[in-house]
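Novice: give me the fold of what follows.
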Amino acid sequence: MSSPEPPAETPGPGDPSRPGQPTYSNLGEVRAHLLPSKACRPRTPGSLSSDPHLLPPPLPKKTLARAHSLPTHKTPFPSPARAGQPRRPLLESHSVDESQAGGDQAGRAGPSAELTFSTPDPELGHFLRELRSPEAAHAALAARHLEGVRAIHTRLLARFMGGRPGPCRPGHSFRLLDSSPCTDGGDALYYRVVRVDGEAWHILAAKVPKPEAEAPDPWGMELQASLAPHFNLQGLCGLLPEGTLPAAPWRGPVVLTAEVPERTVAQWLAEVGARRPAGFARPAALLLLQLSAALERLEARGAALAELRLENLLLAAPRGCTGGGPQRLLLADFGRVRPRPPGPPGPHAPQLGRLLRALLGPATPPATPLAAGLERLAAQLPRARPSAARMRGALQELLWGPGPELRGRGVSLGSWLQVRRALLVLHLAERAAGGQAPGLEDWLACEYLAEATEASLGRALALLWD
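Specialist: Residues are numbered from 1 along each chain as shown. This next block holds a predicted model:
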């Protein structure tokens, strides 16, 4: 988390009182601290020769003739497609649902430029094939809505994950910001630490294990150090060697984490109280949605959380968001992560069912359709044993639809998707015109509508209501 100004009294590079500078190369030091020592693995350099005589001769220049000119206007929402992947062409009367599009071969490919508000009329005809065809116009607009939702999702992800501190390096200096922990987790205390690198500085969290905590499983800690950054998984920045902060209220080296937690889910529930307030179902569902995304990543890596503990689920403020919205959930308990056992596809389903019951509180008549849906999901989890991915899809459907009312009425789920994508883009545009920045819930809704297909909607409806 970056801040606009550095803390006062930061030691300069030449200050003799400055603490010793630890050396960091990557997260290998974290593994060395958390795991038993291993023999070093040799590394093979893979750099290419820089000898210019070994380079191939340049290719002859060619003049390319284009059959049609392309628009030169820039697109307000750039396509979030990854580099190297072909853009999906706009389809004519075909469904834009990816489950029905039939791959990149469906329909004739249009121009490689995007359909935007600034697209001139001559080029607009290339997109719509024939402006007198309502089907072609509908398909082109539906595809553009999907691209817009994906672009908004990509931009918001960059904002929420932006400013993420990288690994610690030589030359970084550190300062303890508070003498008391900012969060008391189940197995660790978290202290805010400032890391300074020239003019740049970040606030990190020193994760100090409690003496009475159970020894972590080495396999899970190794997995945590190897994972790519994820919005709902605690990220590591490096190791803070002993003696770096002489005034620190702990002994020994500690791990630095990228996110600074504010409280745990257990503390949040204690603050809410036994009687859940009106509207509590929505923040509870949003937290469960984020937890299922974290568990989905573990299951994809062949791992499972042996014990789900509320005191080791951390809550932090999302970067770039104003207060009052849903908080960011972080799975931090990698010491209880084990290789995924053989058996049903949903190793976390029973634990998620118990957690959902704890979030819903004592048995009371559901106050809202969302609360009733969560009760239904809690009953289905032990029986169906869905994967974390299916659990996430069911929560998305409870939050943003479609509801059970559409089942058995002959309504096309693909048409529902097209309408919802268009309405979401309009909703965000109206809010932006009023000066309201999109928040975490908006990003999660964009993620849902950008990924959803008719098939995934059908699976979620079946899990919830069959």
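
Novice: tell me, how many residues neighbour Asp121?
Specialist: Asp121 has 7 neighbouring residues, counting by other C-beta atoms under 10 Å. C-beta: built from backbone N, CA, C; applies to glycine.

Novice: what sits against it?
Specialist: Shown in contact with Asp121 (C-beta atoms under 8 Å, 6 or more residues apart in numbering): no residues.

Novice: so what pLDDT did it get?
Specialist: We have a pLDDT of 82 for Asp121.

Novice: checking my notes, Gly163 in a strand, right?
Specialist: No: counting by DSSP: H, G, I helix; E, B strand; the rest coil, Gly163 falls outside a strand, being coil.

Novice: so who does Ala281 touch?
Specialist: By C-beta under 8 Å, 6+ apart, the residues touching Ala281 are Leu360, Pro366, Ala367, Thr368, Leu370, Ala371, Leu374.

Novice: how about the third one, nearest residue that isn't a chain neighbour?
Specialist: In space, and not counting its chain neighbours, Ala367 is closest to Ala278: 6.1 Å by C-beta to C-beta, 6 or more residues apart in numbering.

Novice: low-confidence ranges, the stretch 1-150 of the chain, go.
Specialist: The model of the stretch 1-150 of the chain has pLDDT under 70 over residues 1-113, 127-131.

Novice: which of the contacts of Ala281 fall in strands?
Specialist: Per DSSP state E, strands hold no members of the contacts of Ala281.

Novice: tabulate these in JSON lines, adding columns for neighbour count and distance to Glu454.
Specialist: Output for those, formatted as JSON lines (neighbours: other C-beta atoms under 10 Å; distance: C-beta to C-beta, whole Å):
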{"residue": "Leu360", "neighbour count": "18", "distance to Glu454": "30"}
{"residue": "Pro366", "neighbour count": "15", "distance to Glu454": "28"}
{"residue": "Ala367", "neighbour count": "14", "distance to Glu454": "31"}
{"residue": "Thr368", "neighbour count": "13", "distance to Glu454": "27"}
{"residue": "Leu370", "neighbour count": "18", "distance to Glu454": "23"}
{"residue": "Ala371", "neighbour count": "22", "distance to Glu454": "27"}
{"residue": "Leu374", "neighbour count": "25", "distance to Glu454": "24"}
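
Novice: what's the closest of these to Val265?
Specialist: The nearest member of the contacts of Ala281 to Val265, counting by C-beta to C-beta, is Leu360 at 13.7 Å.

Novice: quick one: that closest one from Leu374, how far?
Specialist: Separation of Leu360 from Leu374 (C-beta to C-beta, to the nearest Å): 6 Å.

Novice: can you list residues touching both of those two?
Specialist: Shared contacts of Leu360 and Leu374, defined by C-beta under 8 Å, 6+ apart, are found at Ala281, Ala284.

Novice: what about the helices in the stretch 301-450 of the chain?
Specialist: Along the stretch 301-450 of the chain, counting by DSSP state H, counting those that start in this stretch, helices occupy 349-360, 369-384, 388-400, 413-433, 440-451.

Novice: what angle do the first one and helix 369-384 make?
Specialist: The reference is to helix 349-360. 150 degrees (axes from the mean of the first three to the mean of the last three C-alpha atoms, to 10 degrees).

Novice: which helices and strands sit right next to helix 349-360?
Specialist: Here helix 349-360 touches helix 281-300, helix 369-384, helix 388-400, going by 3 or more C-beta pairs under 8 Å, 6 or more residues apart in numbering; DSSP states H and E.

Novice: ranking those by mean pLDDT, which is last?
Specialist: Looking at those, the bottom one is helix 369-384 with a mean of 93.

Novice: which SS class is the residue nearest in space to the middle of the chain?
Specialist: The residue lying closest to the centre of the chain (C-alpha atoms, centre = their mean) is Phe231, at 3.5 Å. Judged by three-state DSSP, the three-state class of Phe231 is coil.

Novice: coming back round to it: export the contacts of Ala281 to JSON lines and append columns for distance to Gly238.
Specialist: Listed next are the contacts of Ala281 as JSON lines, based on distance: C-beta to C-beta, whole Å:
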{"residue": "Leu360", "distance to Gly238": "40"}
{"residue": "Pro366", "distance to Gly238": "46"}
{"residue": "Ala367", "distance to Gly238": "46"}
{"residue": "Thr368", "distance to Gly238": "45"}
{"residue": "Leu370", "distance to Gly238": "41"}
{"residue": "Ala371", "distance to Gly238": "43"}
{"residue": "Leu374", "distance to Gly238": "39"}
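
Novice: what is the nearest of those residues to Thr154?
Specialist: Nearest to Thr154 out of the contacts of Ala281 is Leu370 (C-beta to C-beta; 27.6 Å).

Novice: please enumerate the helices of the stretch 51-200 of the chain.
Specialist: Using DSSP H, counting those that start in this stretch, helices in the stretch 51-200 of the chain cover 121-128, 134-161.

Novice: reformat those helices as JSON lines; add distance to Pro181.
Specialist: Shown next, in JSON lines, are the helices of the stretch 51-200 of the chain (distance: least, C-beta to C-beta, whole Å):
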{"stretch": "helix 121-128", "distance to Pro181": "57"}
{"stretch": "helix 134-161", "distance to Pro181": "25"}
